[in-house]
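Participant: coords please:
(3 chains)
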Amino acid sequence: MAPKLPPQHSLQQSSTAVAGGQSHHEHHAQPKGIMRWLLTTNHKEIGSLYLIFSLVMFFIGGIFALVVRAELFQPGLQLVEPEFFNQMTTMHGLIMVFAAVMPAFTGLANWMIPLQIGAPDMALPRLNNFSFWLLPVAFILLLSTLLMPGGGPNFGWTFYAPLSTTYAPPSTTFFILALHIAGISSILGAINIIATILNMRAPGMRMMDMPLFVWTWLITAFLLIAVMPVLAGVITMMLMDINFGTSFFDAAGGGDPVLFQHLFWFFGHPEVYIMILPAFGIVSAIIPTFARKRLFGYASMVYATAAIALLSFLVWAHHMFVVGLPLTAELFFMYSTMLIAVPTGVKVFNWVTTLFRGSISFEPPMLFALAFVVLFTIGGFSGLMLAIAPADFQYHDTYFVVAHFHYVLVPGAIFAIMAGVYYWLPKWTGHYPHERLAQCHFWCSVVGVNLTFFPMHFAGLAGMPRRIPDYALQFADFNMLSSIGAFFFGVSQLIFVLVVVLCVKGGKKAPAKAWEGAEDLEWSVPSPAPLHTFETPPVFHRTHPSE
Amino acid sequence: MTEYEMVRKAGVQRTVIRSVAALIGMFAFAFALVPLYDVFCRITGLNGKVDTTAQAIVHEEVDQSRYVTVQFITRGSAGLPWQMSVATRQMRVHPGQAAEVEFTFTNNSHQESWGRAVPSVSPSNATAHVRKVSCFCFQEQLLQGDERLTVPLVFQLSRDLPEEINTITLVYTLYPVHNMAMGASVNNNNTLGDEI
Amino acid sequence: MRSPWRWLLSVTFIASIPQAQASGWNMPVGVTDISRDIYGLHMTIFWVCVVIGVIVFGVMFYSLFRYRHSKGAKAAHFHEHTSVEVLWTAIPVVILIGMAVPATATLKNMYDTSQADLDIMITGQQWRWRYEYLGEDVAFTSNMSTPWEQIRGEEPRGEHYLLDVDEPLVLPINRKVRFLMTSDDVIHSWWVPELAVKQDTIPGFINENWVQINEPGIYRGQCAELCGVNHAFMPVVVHAVEEDEFEVWLAERKEAAEQEAMGIDREWELAELMERGEAVYRAICSSCHQPEGQGAPPAFPALANNEQLISDLDWHIDLVVNGVSGTAMPAFRSTLNPVEIAAVVTFTRNSWGNDTGDAVQPSTISGWIAQ
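Facilitator: You can find the predicted model right below:
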């Protein structure tokens, strides 16, 4: 067993290494303008590209969500036809999952993993460039389906067969192609991250010395390698069913529509953890920094992350409690799903205990991290309720589920990403984000998120199904609140853009160690981080060798 | 290149090779899941999927003490102008007893067409205990214009049918077979007749 | 659900009745034993979450307040404690086992479809439900009856906006009714919250569920699985009646079916067919082909001024009777009777500028269906 050694080290070691690194690269002629960005192999530049792409997609996906919420503002069909409404819900889900949340985490990984482990760059820099540039191709293709005859995908982001095969619009083939390209991008990114973490650590840094963001990303990357090929497989089968006359999912030819759901959720449930594990890593970096106290239970955090990842392969059918599974399967998936609450609980308890008897200050990253802990836990509670299979017969496919997964994804994954951005902006730009504006962004977001998603619990329990463009009158009040909240939340995100732009342009200068309590290796390089860092590997010193 | 960098490079190469191997493995695994799922369904009766091949009758003692109701439901579907009907909608049998029921297929149009009856059994945990001695499940079949065809289904419920099951429903859904049109001229005999 | 768990469920159940019933904020308690058990499980797990939440967030907010840097708090140095970590792994396990036991009992009960008094086949269709009382020769489709004018906001919305149907499913109380569920096209999900029955209908496969209703009443629900454009417009209405009332209703339905069957052989007037056809068109066809027959291409072709439809009567009848595989056009052969098919074909051939003058007779259709 690896010794419980903390990821903490002295901060003086690498300034010379940085200086050496810069001179080493100066004789290369840098391409200028657009070519510089198209051809860059620098992990920091690619990281920025990922983050900018993700932000743009976050707004596009957000606009789709606002179309949905505008239509649902009151009963009746007012703004859009049901057909277009279905395209909007589908596109919102696909864009947010595959083009906003996942690339944002990959962007943070690109920027921070080499800095946190003392590597000069990612292990495979050219592949890194390729995997980023696949993404715009994939999502321009996906968005273009909205303009095709018959419209874009309209079968929900889970694209259940046969609605997505026999009954799908003609553009579905392009949707499949786009998803294939996005999948290849994720897979290549994951290979790169694994290769970097396993082979590029600073001499002396053991696995159990790595910051939790690196740990959680390593486990996430393994998940990606395990499940993205399954997604590729399932959409390939769809493609064959649609275009080549096979019947994987068509009962008429001896196939089975339920098989689609098994395969999809075998990918889909680990995918859910792909979107939350790196968030755990970010929060585990921020809370100790601003509590000025070491993370409680570092080793148990690592084990809990691994446990969640392993369990994620055994719970997929809890998305399918009402498809008519046999009783034994139903029981198995209920128990295994409930079991996931245990490692997740360990994480929450560890964060809270880290706060206990700390010395806490409330800078913007900390505000978002704390909101993450509270609101993600609320999403976890509704998840626990959904795990109770008999009760799920009532919850399934209602707004209760919508409330649940938005609580774990918006104030979960997205708040963690924003916390990470605020935390590392000084390192990226050399300036602190504008504190007042960031606080304003935080409070608007918290109010907006809860106003949007909390009433959905009630709407769902009262009986409102998901994915409907019009609803019965008793759901009107909840929906009006949700819609107001959604627009408020959406507009508040413009403040975020403003803060980031201002921070890039100027602001209070940040030193190398931008936050008083920050301990990881990235704070040993100057702010802003120069283009090339750790060209000569730093020597890793454990500051708490043993207790 | 320093020795340290060479060690790194070798390590990266190894990781990439292993990752790609894992990737290919998982992609293949996704496709392997399709037959595995069928096997799994057949063993557990999941989803009421039925074995597609005829089974031999098993001579076992008939359990006279117990009656099980077996219901037969036939359903049409869009795109196939056929009618499927069953002579007996419901029968009571003892576990272990062989029983026969007749199904009639009628082509209501004047053109020949291919169809297929897809079976499903409910409750699903009964599936493994319905032994079909002769059946037409999953057989593509050709009916000439206005043709009528009567086929028997001989089945037997196994004696180890779970205690709590007292009603079993067998549903057949007729589906058109489009891609058989080409093969029709070559293989212009009634595959259904061959099977029986 | 014998044993102490019953007691636990009852306590939480009784404790939560006042704020739960008819509030529109919480899951309905429902009118079956199963729905009550589910409601009990729901409230139990809810209160468990509330208690855990109060403790965890209590400690958290206490720490945030008490150990502020701005108030000069000095950080402690502890960062692990094996026995505490083991303890908070173990306690959730115990709580979860406590939840799993009653949930398992309820689930087993839900899966026991044996010894049913009545079997009903429920078939999902884009976008209506079809109910068949097996062995009783009673079958009908149930369509949303909320007019499109209300949806478009041209008329004030009724009390049961989107949750009203032309023909509700009528069930007897106090009898175990088994549902067999399947679909003709895509996956739908039949859901009535008050009965705690939600079950996907899978094309080509059959699912089972059951219900035993304790109180007469009208219970409303909706399709819960995205099934295409009109997913929102596919309500379920169950009319639960006393047992003798149910027998009377069933007898009436049988008689009505026989009456209808007699209508097949007689000659129908054009006006008569048009009147009947308009009703069928509004109930069945207008959701896709639109009230004025203009359709919504490419998914739903226009019927008004459709050259092929006007010129080819046989093609038209064949389409309605046998449907088109792989599209939303179902085979109406078994869901509409010959009179209804004849009427609706006649109606579409003589409306919105289509002026063929054809009066298609029910006998023609019945000949078409069974030669």
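Participant: C-alpha from now on. contacts and neighbour counts both.
Facilitator: Fine.
Participant: low-confidence ranges in the chain?
Facilitator: In the absence of a named chain, this looks at chain A. A:1-30, A:543-547 (pLDDT under 70).
Participant: hmm, I had chain B in mind actually
Facilitator: Chain B contains residues with pLDDT under 70 at B:1, B:42-59, B:133-138, B:178-196.
Participant: strands along that one, start to end?
Facilitator: Taking DSSP state E as the criterion, chain B carries its strands at B:68-75, B:82-86, B:90-93, B:98-107, B:113-122, B:130-134, B:141-143, B:148-157, B:167-176.
Participant: could you verify my assumption that residue A:359 touches residue A:291?
Facilitator: Yes - contact criterion Cα atoms under 8 Å: residue A:359 and residue A:291 qualify, at 4.9 Å.
Participant: overlap of the contact sets of those two?
Facilitator: Residues touching both residue A:359 and residue A:291 (Cα atoms under 8 Å, 6 or more residues apart in numbering or on different chains) are residue C:75.
Participant: who has more neighbours out of those two?
Facilitator: Using other Cα atoms under 10 Å in any protein chain shown as the criterion, residue A:359 and residue A:291 rank with residue A:291 on top: 30 against 26.
Participant: which residues are in contact with the most centrally placed residue in chain C?
Facilitator: Centroid-nearest residue in chain C: residue C:190, 3.3 Å away (criterion: Cα atoms, centre = their mean). By Cα under 8 Å, 6+ apart, the contact list for residue C:190 reads C:124, C:197, C:198, C:199, C:200, C:201, C:221, C:222, C:223, C:224, C:236.
Participant: what of residue A:444?
Facilitator: Each residue near residue A:444 by Cα under 8 Å, 6+ apart is listed here: A:488, A:489, A:492.
Participant: what strand or helix carries the residue of the stretch 101-250 of chain A found nearest chain B?
Facilitator: Of all residues in the stretch 101-250 of chain A, the one sitting closest to chain B is residue A:229 (4.6 Å; Cα to the nearest Cα). Assigned by DSSP states H and E, residue A:229 falls within helix A:212-243.
Participant: what residues does the stretch 51-200 of chain A have near chain C?
Facilitator: A:75-78, A:82-83, A:86, A:150, A:154-156, A:161-163, A:166-167 (Cα under 8 Å from any Cα of the partner chain).
Participant: which pair in those spans the largest distance?
Facilitator: With Cα to Cα as the measure, no two of those lie farther apart than A:75 and A:166, at 31.0 Å.
Participant: looking at these two, which is more packed in?
Facilitator: Comparing residue A:75 with residue A:166 by other Cα under 10 Å, the one with more neighbours is residue A:75, at 25 against 20.
Participant: tell me if I am right that that one is in a helix.
Facilitator: No - per DSSP: H, G, I helix; E, B strand; the rest coil, residue A:75 lies outside any helix segment and is coil.
Participant: I'd say it and residue A:474 touch.
Facilitator: No - with contact defined as Cα under 8 Å, residue A:75 and residue A:474 do not form a contacting pair (9.6 Å).
Participant: contacting residues for residue A:61?
Facilitator: Residue A:61 makes contact with A:91, A:92, A:93, A:95, A:96, A:100, according to Cα under 8 Å, 6+ apart.
Participant: try 6 Å this time
Facilitator: Counting by Cα atoms under 6 Å, 6 or more residues apart in numbering or on different chains, residue A:61 touches A:92, A:95, A:96.
Participant: show me these that map onto strands.
Facilitator: Of the contacts of residue A:61, none are assigned to strands by DSSP E.
Participant: quick one, which of those residues are buried?
Facilitator: By neighbour count, with 16 or more other Cα atoms under 10 Å in any protein chain shown, the contacts of residue A:61 hold A:92, A:95, A:96 as buried.
Participant: just the residues you listed: which are in helices?
Facilitator: Judged by DSSP state H, helices contain the following of the buried ones among the contacts of residue A:61: residue A:92.
Participant: across the sheet, point out what pairs with the residue nearest to the centre of chain C.
Facilitator: Note on residue C:190: beta-bridge partners by DSSP bridges are residue C:199, residue C:223.
Participant: please apply the same query to residue B:101.
Facilitator: Counting by DSSP bridges, residue B:101 is bridged to residue B:153.
Participant: how much space separates it from residue B:130?
Facilitator: Applying Cα to Cα, to the nearest Å, the value for residue B:101 to residue B:130 is 14 Å.
Participant: quick check: residues of chain C near chain A?
Facilitator: Within chain C, the positions near chain A by Cα under 6 Å from any Cα of the partner chain are C:24-27, C:38, C:49, C:60, C:63, C:67-69, C:73-76, C:79-80, C:107, C:151-152, C:161-162, C:186, C:198-200, C:204, C:207, C:224, C:229, C:232, C:326.
Participant: type out the PyMOL command that picks the buried ones from these.
Facilitator: Listed next is the PyMOL selection for buried residues among the residues of chain C next to chain A, using 16+ other Cα under 10 Å:
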select buried, chain C and resi 24+25+26+27+38+49+60+63+67+68+69+73+74+75+80+107+151+161+162+186+198+199+200+204+207+224+229+232+326
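Participant: residue A:288 contacts residue A:298, correct?
Facilitator: No - using Cα atoms under 6 Å, residue A:288 is not in contact with residue A:298, being 10.9 Å away.
Participant: picking that back up, same list, the strands of chain B, but as TSV with mean neighbour count please.
Facilitator: As requested, the strands of chain B are arranged in TSV below (neighbours: other Cα atoms under 10 Å in any protein chain shown):
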stretch	mean neighbour count
strand B:68-75	18
strand B:82-86	21
strand B:90-93	17
strand B:98-107	18
strand B:113-122	24
strand B:130-134	20
strand B:141-143	22
strand B:148-157	18
strand B:167-176	23
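Participant: can I get the ones you listed in TSV including distance to residue C:100?
Facilitator: Converted to TSV, the strands of chain B look like this (distance: least, Cα to Cα, whole Å):
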stretch	distance to residue C:100
strand B:68-75	33
strand B:82-86	44
strand B:90-93	38
strand B:98-107	42
strand B:113-122	27
strand B:130-134	33
strand B:141-143	49
strand B:148-157	34
strand B:167-176	29
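Participant: the one residue in the stretch 401-547 of chain A that gets nearest to chain B in helix, strand or coil?
Facilitator: The minimum distance from the stretch 401-547 of chain A to chain B, using Cα to the nearest Cα, falls at residue A:537 (9.6 Å). At residue A:537 the chain is in coil, as set by three-state DSSP.
Participant: so how far is residue A:126 from it?
Facilitator: Per Cα to Cα, residue A:537 is found 21 Å from residue A:126.
Participant: and if you look at residue B:104?
Facilitator: Distance, residue B:104 to residue A:126, using Cα to Cα: 66 Å.
Participant: over to residue C:84?
Facilitator: 47 Å.
Participant: ok, residue A:352 to residue C:328 distance?
Facilitator: With distances taken as Cα to Cα, residue A:352 is found 54 Å from residue C:328.
Participant: same question for residue A:458.
Facilitator: The separation that residue A:458 has from residue C:328, given Cα to Cα, amounts to 33 Å.
Participant: before we move on, back to that, and the residue of the stretch 401-547 of chain A closest to chain B, how many residues sit next to it?
Facilitator: Other residues lying near residue A:537 total 22 when counted by other Cα under 10 Å.
Participant: which SS state does the closest residue to it other than its chain neighbours fall under?
Facilitator: Nearest residue to residue A:537, sequence neighbours excluded (Cα to Cα, 6 or more residues apart in numbering or on different chains): residue A:202, at 5.7 Å. Assigned state for residue A:202: coil (three-state reduction, three-state DSSP).
Participant: list the contacts for residue A:202?
Facilitator: Shown in contact with residue A:202 (Cα under 6 Å, 6+ apart): A:117, A:118, A:537, A:538.
Participant: tell me the one of these nearest residue C:274?
Facilitator: residue A:117 (78.8 Å).
Participant: and the gap between residue B:18 and residue A:183?
Facilitator: With distances taken as Cα to Cα, residue B:18 is found 19 Å from residue A:183.
Participant: who has more neighbours, the two?
Facilitator: Applying other Cα under 10 Å to residue B:18 and residue A:183 shows that residue A:183 carries more neighbours, namely 23 against 12.
Participant: tell me what the helix or strand containing that one is packed against?
Facilitator: Assigned by DSSP H and E, residue A:183 belongs to helix A:172-199. Counting contacts by 3 or more Cα pairs under 6 Å, 6 or more residues apart in numbering or on different chains; DSSP states H and E, helix A:172-199 is packed against helix A:125-144, helix A:212-243, helix B:3-44.
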